[in-house]
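J.: just need the structure, nothing else, for what follows:
(chains A and B)
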Amino acid sequence: MSEAPIAKDGRPATPRVSGTPRRRLPDLGPLPWIGPALLLIFGVVLWPAIEMLRTSTLDISMSGISRGFAGLENFQNLFANPELPGILIRTITWVVVVVGVTILISLGLAALLNAAFPGRRLVRWALIVPWAASVVMTATIWRWMLDGFSGILNRILFDLGLIASPVNDWLGTPSVAFIWLMAVAIFVSLPFTTYVILAGLQSIPTDIYEAARVDGATGTRTYRYITLPLLRPALLVAAIINMINVFNSFPIIWAMTTGGPGFQTDTTTTFMYKLAFRFQDIGQSAAMSVVNLVVILVFVLFYLRVVDWRRA
Amino acid sequence: MVTTPLKKALLTGAGALVAFFFLAPYIQMLITALTPKKELYEIPAQYLPSRFEFSNFIDVWSEAPLWGYLRSSLIIAGFATILALAVAMPAAYYTARYRYRGRLAFMLLVLVTQMFAPTALVIGIYREFVTIGDIIPAAGVNTYLALILVNAAFNLAFSTWIMVAYFSTIPVELEEAAAIDGATRLGVLRRVTLPLALPGIVTATIFTFIAAWNEFVIALTLAQSPGIHPLTVGVTTFIGQYRVEWQYLFASSVIAIVPVVILFIVIEKWLVGGLTAGSIK
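T.: Numbers count the residues shown, from 1 in each chain, chains lettered A, B, ... in the order given. Below you'll find the model as predicted:
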């Protein structure tokens, strides 16, 4: 027994391996080690996914009892739902605007936090707060700040002369409410995105900038032709993870408007929840969930193409 | 790079503005939590109350079932963290050390799991636990066990991924040297491997705890009786009353947020690598 632990694909198990751990640590196979993890993933992630698919094809009563196979009826009901077109348009707007604006602002924030100045550490800590805090609680303080009568934002905007009256029901007016919901979603997405881009910036070797400076490149040209191209992997990762998170986002809309008035600030995620737990239409809700799941799977496939996940 | 004093001052000014922007809602949260009840509903709102009602932070414990919410959050987040770590650690260790059949498939499964928030599967999760509850009531809807299992499962991926990264950096020679010195297999793990992987383990622990502490949609769905409501669901029950007791709602929120912000700052520098799993370069 003198061979190194060579894997089936011929690569060593870990970097700098010289002996064989298998000799002294008896190999019982992977199952005792990864079995519990598999059990948990299969039991609590895959089972619900399969259950959801199954439910989408069942005729479920208001009380949750199955009355048999329904074929594609739930999907037909969903696609015939008059609320759906508006919700789809809002969902696309929600993802595109929130992720797009988040990334643009984060590029600026990351550049700032990458520069050296006194107190930089404190600014980074301030950025942590919306990331660590419960999103429901963050959304709830925004809801209170946007209160039509006693909200502080009415007072601030009125004192600045930006609004004519100190009473404005921001969250009761669907189009205005949706803009505020997107603003809050951007607010809570910025910390993570900024940190990912910051990590990307810090991975760029400084001698590249030295070389550019020697060649006489100006600040904006350096950013455009050196920083941005080298940031591409970090930006892609940040964009896709954000798309999944924002698409899945539930607490902001739920805590601030519950998707109302009516369905006018719902996205497909809150709509799915409402169908099941407000309207007891489990079948149609499962159909909506399956559509959502397919969208997320597409994002995940993009992510897997972008990242080099086999390396770790 | 040359930084002039003027540039430095401008950067500091911009930094202060950014910090204020991100903290402002939480400052407003604290101010509201300290506002006397009578002054909450003034039109227009006052920037500051006439005095700070510090007793709000004492009264909230008796005015709202805050102890119960806190206990539920601690039970759910605490046990979910223990379970996730207990399951992720051996999987991560083995995956980092050995190239076994199905290793890539396992890593792919973990990565895909990480991409899935429980929100996307909430209908399926609800129906699963209704079914389980019909057979084993102690693990059905409206039990701590169900909430612990879901939180552990959805945070397993992050823990596994970050610990694989840490275990991979520990040279096998170190473990072998300890084994030659007579350490048992468990002794090697306990005295060599785990201490060296400590930053990864701490990061996984804190991150899982915070994620479970902040989890909302599953608790909203599965925790139906107020007795097991965690803080995130508990605070939303303040709303829906005719006059919302915002001061108590936000006093509870401040109590919920402060500890996790401190924990988050502790693990800040290790986070990005784990959250962008698969892209660590």
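J.: which one's the longest helix in the chain?
T.: In the absence of a named chain, chain A is used. helix A:84-114 (DSSP state H).
J.: try chain B instead
T.: Max-length helix for chain B by DSSP H is helix B:66-97.
J.: from the contact counts, what lies against whichever strand or helix holds B:Leu147?
T.: Here B:Leu147 is covered by helix B:144-168, with elements defined by DSSP states H and E. Contacts defined by 3 or more CB pairs under 8 Å, 6 or more residues apart in numbering or on different chains; DSSP states H and E place helix B:144-168 against helix A:31-41, helix B:66-97, helix B:103-115, helix B:122-135, helix B:198-214, helix B:217-222, helix B:246-275. Any C-beta I mention is one placed from the backbone N, CA and C, and that applies to glycine too.
J.: buried residues in that helix?
T.: Within helix B:144-168, the residues scored as buried using 16 or more other CB atoms under 10 Å in any protein chain shown are B:144, B:146-168.
J.: quick one: distance of that helix to the chain centre.
T.: 11 Å (CA atoms, centre = their mean, to the nearest Å).
J.: same deal with stretch A:136-151?
T.: For stretch A:136-151, the distance to the chain centre is 22 Å (CA atoms, centre = their mean).
J.: for the residue nearest the centre of chain A, helix, strand, or coil?
T.: Compute the mean C-alpha point of chain A, and by CA atoms, centre = their mean the closest residue is A:Asn245, 1.4 Å away. The three-state label given to A:Asn245 by DSSP: H, G, I helix; E, B strand; the rest coil is helix.
J.: pull the helix or strand with minimum mean pLDDT from chain B.
T.: Least confident helix or strand of chain B, by mean pLDDT, DSSP states H and E, is helix B:185-188 with a mean of 85.
J.: helix or strand next in line after it, which one?
T.: Counting by DSSP H and E, what follows helix B:185-188 is helix B:194-196.
J.: quick one: the longest helix of chain B near chain A?
T.: Yes - residues of helix B:66-97 contacting chain A under CB under 8 Å from any CB of the partner chain: B:83, B:86-88, B:90-91, B:93-97.
J.: for these, give me JSON lines that also has neighbour count and pLDDT.
T.: Output for the residues of helix B:66-97 next to chain A, formatted as JSON lines (neighbours: other CB atoms under 10 Å in any protein chain shown; pLDDT from 0 to 100):
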{"residue": "B:Leu83", "neighbour count": "21", "pLDDT": "97"}
{"residue": "B:Ala86", "neighbour count": "13", "pLDDT": "96"}
{"residue": "B:Val87", "neighbour count": "23", "pLDDT": "96"}
{"residue": "B:Ala88", "neighbour count": "29", "pLDDT": "95"}
{"residue": "B:Pro90", "neighbour count": "19", "pLDDT": "93"}
{"residue": "B:Ala91", "neighbour count": "25", "pLDDT": "95"}
{"residue": "B:Tyr93", "neighbour count": "23", "pLDDT": "93"}
{"residue": "B:Tyr94", "neighbour count": "23", "pLDDT": "92"}
{"residue": "B:Thr95", "neighbour count": "26", "pLDDT": "92"}
{"residue": "B:Ala96", "neighbour count": "21", "pLDDT": "91"}
{"residue": "B:Arg97", "neighbour count": "23", "pLDDT": "89"}
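J.: nearest to B:Thr119, out of those: which one, please.
T.: Checking the residues of helix B:66-97 next to chain A against B:Thr119 with CB to CB, the nearest one is B:Leu83 at 20.6 Å.
J.: am I right that that closest one is in contact with B:Ala152?
T.: Yes - assessed by CB atoms under 8 Å, B:Leu83 is found in contact with B:Ala152 at 4.0 Å.
J.: which residues do the two both contact?
T.: By CB atoms under 8 Å, 6 or more residues apart in numbering or on different chains, B:Leu83 and B:Ala152 have these common neighbours: A:Leu40.
J.: which stretches in chain A count as strands?
T.: A:58-60, A:66-69 (DSSP state E).
J.: report whether stretch B:179-191 contacts chain A.
T.: Yes - Stretch B:179-191 is in contact with chain A by CB under 8 Å from any CB, via B:179, B:185.
J.: how about A:Ser249, phi and psi?
T.: Per-residue torsions, A:Ser249: phi -60, psi 130 (degrees, to the nearest 10).
J.: list the contacts for it?
T.: Contacts of A:Ser249 by CB under 8 Å, 6+ apart are A:94, A:135, A:185, A:267, A:269, B:119.
J.: residues contacting the residue nearest to the second one when sequence neighbours are not counted?
T.: Of all residues not flanking A:Val135 in the chain, A:Pro251 sits nearest, at 4.5 Å (CB to CB, 6 or more residues apart in numbering or on different chains). Applying CB under 8 Å, 6+ apart, one finds that A:Pro251 lies in contact with A:134-136, A:139, B:216-217, B:232.
J.: quick check, nearest of those to A:Glu210?
T.: Using CB to CB, A:Val135 comes nearest to A:Glu210 of the contacts of A:Pro251, at 41.9 Å.
J.: circling back to that earlier point, what about the residue nearest to the centre of chain A, distance to A:Arg213?
T.: 38 Å (CB to CB, to the nearest Å).
J.: next one: B:Leu23
T.: 36 Å.
J.: next one: A:Phe302
T.: Distance from A:Phe302 to A:Arg213, by CB to CB: 36 Å.
J.: B:Leu34 now?
T.: 51 Å.
J.: just the strands of chain A: most buried one?
T.: Across those, averaging neighbours per residue (mean count of other CB atoms under 10 Å in any protein chain shown) puts strand A:58-60 on top, at a mean of 19.
J.: is any part of it close to chain B?
T.: No - Strand A:58-60 lies apart from chain B when judged by CB under 8 Å from any CB; the minimum separation is 9.0 Å.
J.: tell me where the model's unsure across the stretch 101-250 of chain A.
T.: Counting by pLDDT under 70, the stretch 101-250 of chain A shows no low-confidence range.
J.: go again with 80.
T.: For the stretch 101-250 of chain A, applying pLDDT under 80 flags the ranges A:219.
J.: now swap in chain B and tell me
T.: In chain B (pLDDT under 80), the answer is B:1-3, B:240-243, B:269-281.
J.: tally of neighbours for B:Gly240?
T.: B:Gly240: 7 surrounding residues under other CB atoms under 10 Å in any protein chain shown.
J.: what of B:Leu104?
T.: B:Leu104 is flanked by 14 other residues according to other CB under 10 Å.
J.: what's the answer for the one 4 residues further on, then?
T.: B:Leu108 has 15 neighbouring residues, counting by other CB under 10 Å.
J.: buried stuff in stretch A:260-270?
T.: A:260, A:263-270.
J.: got it, and stretch B:41-55?
T.: Under 16+ other CB under 10 Å, the buried positions of stretch B:41-55 are B:44-45, B:49, B:53.
J.: and that stretch, does that touch chain A?
T.: Yes - against chain A, stretch B:41-55 shows contacts by CB under 8 Å from any CB at B:41-47.
J.: could I get those residues as JSON lines with distance to B:Ser225?
T.: Shown next, in JSON lines, are these (distance: CB to CB, whole Å):
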{"residue": "B:Tyr41", "distance to B:Ser225": "31"}
{"residue": "B:Glu42", "distance to B:Ser225": "36"}
{"residue": "B:Ile43", "distance to B:Ser225": "37"}
{"residue": "B:Pro44", "distance to B:Ser225": "40"}
{"residue": "B:Ala45", "distance to B:Ser225": "36"}
{"residue": "B:Gln46", "distance to B:Ser225": "38"}
{"residue": "B:Tyr47", "distance to B:Ser225": "40"}
